[in-house]
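build the 3D model from these lines:
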Amino acid sequence: MPLSPSPSPKPTTQILGVRIDCLAKKDILARAHELFSSDWPHQIVTINSLLILEAQKNPRLKEICTKAALVVPDSSGIEWAAKSLGLPVPCKYPGIDLAYDLCSLAELENRNVFLLGAQPGVAEKAAKRLLTDFPYLTIGGMQDGFFDQRDVPHIAKSISDSNSRLVLVALGMPKQELWIYEHLCTLPPGIYIGVGGSFDIWS
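As a prediction, the model looks like this:
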């Protein structure tokens with residue numbers, strides 16, 4: 001059974017066999033708006049040169065990018081590689097900026113946000129920063145990154161109980177991308193995106 005209905009066609013390119021979407025920032029956020037209302041869980045991948053190189057050793061990462069709702073270029077290296085190969089050049093949208101803008105969108109659309117990952121206490125500090133910038137944002141819940149496989153059902157229930165439709169996963173690349181993909185079928189509807197060290201920066 002597929003994880004979600006087939007996404008609508010959108011312009012893409014490939015670098016070393018890894019899919020990258022070629023969308024303007026406004027179109028990425030418009031797609032996120034659609035995903036907020038979906039009855040399925042969806043993964044957004046922010047991709048840089050290191051992840052593309054890692055995907056050469058780990059075909060699972062290529063599979064993740066093929067099936068993700070969005071694959072957004074995170075770094076200038078992606079733009080440079082596309083130009084060098086004569087490919088369509090995607091619009092760079094750093095992951096921390098995308099995550100921040102998704103929180104802004106969540107505030108506007110009254111969608112709860114769940115913060116998952118990082119060291120104990122960091123998510124709480126990041127949440128305070130987000131609430132300073134977005135005072136009407138609802139932080140549905142938080143969970144640090146110190147958990148194992150046995151805790152996943154509890155985390156999924158916490159996300160579901162919190163009514164969160166945006167889940168920011170700070171487990172580091174590529175662990176966070178692999179974790180989201182591995183558990184997406186068992187997670188409640190919403191947008192799941194790996195955000196690396198964003199919590200540390202926001203805190």
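
looking at the protein, which helix or strand is least sure?
In the chain, no helix or strand scores lower on mean pLDDT, DSSP states H and E than helix 76-84, which sits at a mean of 87.

toward the C-terminus, what is the element adjacent to that helix?
Using DSSP states H and E, the next helix or strand after helix 76-84 towards the C-terminus is helix 95-108.

mean confidence score for that following helix?
Helix 95-108 shows a mean pLDDT of 98.

what does that helix rub up against?
Outside helix 95-108, the residues within contact range by C-beta atoms under 8 Å, 6 or more residues apart in numbering are 25, 28-29, 32-33, 36, 44, 46, 72, 74, 111-113, 130, 133-134, 136-137, 165-166, 168, 191, 193-196, 198, 201. (Glycine included, C-beta is placed from N, CA and C.)

ok, now with 7 Å
29, 32-33, 46, 72, 74, 113, 130, 134, 136-137, 166, 168, 191, 193, 195-196, 198, 201 (C-beta atoms under 7 Å, 6 or more residues apart in numbering).

how far off centre is it?
Distance of helix 95-108 from its chain centroid, counting by C-alpha atoms, centre = their mean, to the nearest Å, is 11 Å.

for that helix, which positions count as buried?
Using 16 or more other C-beta atoms under 10 Å as the burial criterion, the residues of helix 95-108 that qualify are G95, I96, L98, A99, Y100, L102, C103, L105, A106, E107.

tell me where the model's unsure across the chain.
For the chain, residues meeting the criterion pLDDT under 70 lie at 1-10.

could I get the full set of strands for it?
For the chain, applying DSSP state E gives strands covering 12-15, 18-21, 41-47, 70-73, 112-117, 139-143, 164-170, 190-194.

adding mean neighbour count, write the ones you listed out as a markdown table.
Output for the strands of the chain, formatted as a markdown table (neighbours: other C-beta atoms under 10 Å):
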| stretch | mean neighbour count |
| --- | --- |
| strand 12-15 | 18 |
| strand 18-21 | 22 |
| strand 41-47 | 26 |
| strand 70-73 | 26 |
| strand 112-117 | 25 |
| strand 139-143 | 21 |
| strand 164-170 | 25 |
| strand 190-194 | 27 |
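
how about those in a markdown table, adding distance to R150?
Shown next, in a markdown table, are these (distance: least, C-beta to C-beta, whole Å):
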| stretch | distance to R150 |
| --- | --- |
| strand 12-15 | 37 |
| strand 18-21 | 32 |
| strand 41-47 | 21 |
| strand 70-73 | 31 |
| strand 112-117 | 16 |
| strand 139-143 | 14 |
| strand 164-170 | 18 |
| strand 190-194 | 20 |
